[in-house]
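In: Sequence plus the predicted model coming up.
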Amino acid sequence: MLNERLKSRLKKDRPMTSITLRIPVDVVDSMKAIAPQRGFSGYQALLKLYLSEGLRRDEAVYKDRSQSKLIAALIKLGVSEDLIERAEKEIG
């Protein structure tokens, strides 16, 4: 089952905003050269891919850290590890 954040990210009609980034010219030139090799028509789509990949990776890391802290707190409060494991299986 997909969580709500992931479901919203899969929508094609999400609200968008424009931002301005200062990126070195040589980096943009490299992205322009790599984009077609990765199947993108332009470097901006490649940049969005890089941002999305990094964001997903970081979200997974920080989610795991939060989950670990929660489990440690539950154990400290006397919740059995067996019960915690059962709860983890329940949420998938």
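Out: Thanks, I have the structure now.
In: tell me which element Ala73 is part of?
Out: Here Ala73 sits within helix 43-76, counting by DSSP states H and E.
In: Lys32 too?
Out: Lys32 belongs to helix 25-37, assigned by DSSP H and E.
In: Quick one: list the elements packing against that helix.
Out: Helix 25-37 sits against helix 43-76, with contacts defined as 3 or more Cβ pairs under 8 Å, 6 or more residues apart in numbering; DSSP states H and E. (C-beta placed from N, C-alpha, C; glycine too.)
In: what is the orientation angle of the helix it packs on with helix 25-37?
Out: 90 degrees (axes from the mean of the first three to the mean of the last three Cα atoms, to 10 degrees).
In: and the residue sitting furthest away from the middle of the chain, helix, strand or coil?
Out: Distance from the C-alpha centroid of the chain peaks at Gly78, with 32.4 Å (Cα atoms, centre = their mean). Look at Gly78: counting by DSSP: H, G, I helix; E, B strand; the rest coil, its state is coil.
In: So it versus Ile84, what's the distance?
Out: 11 Å (Cβ to Cβ, to the nearest Å).
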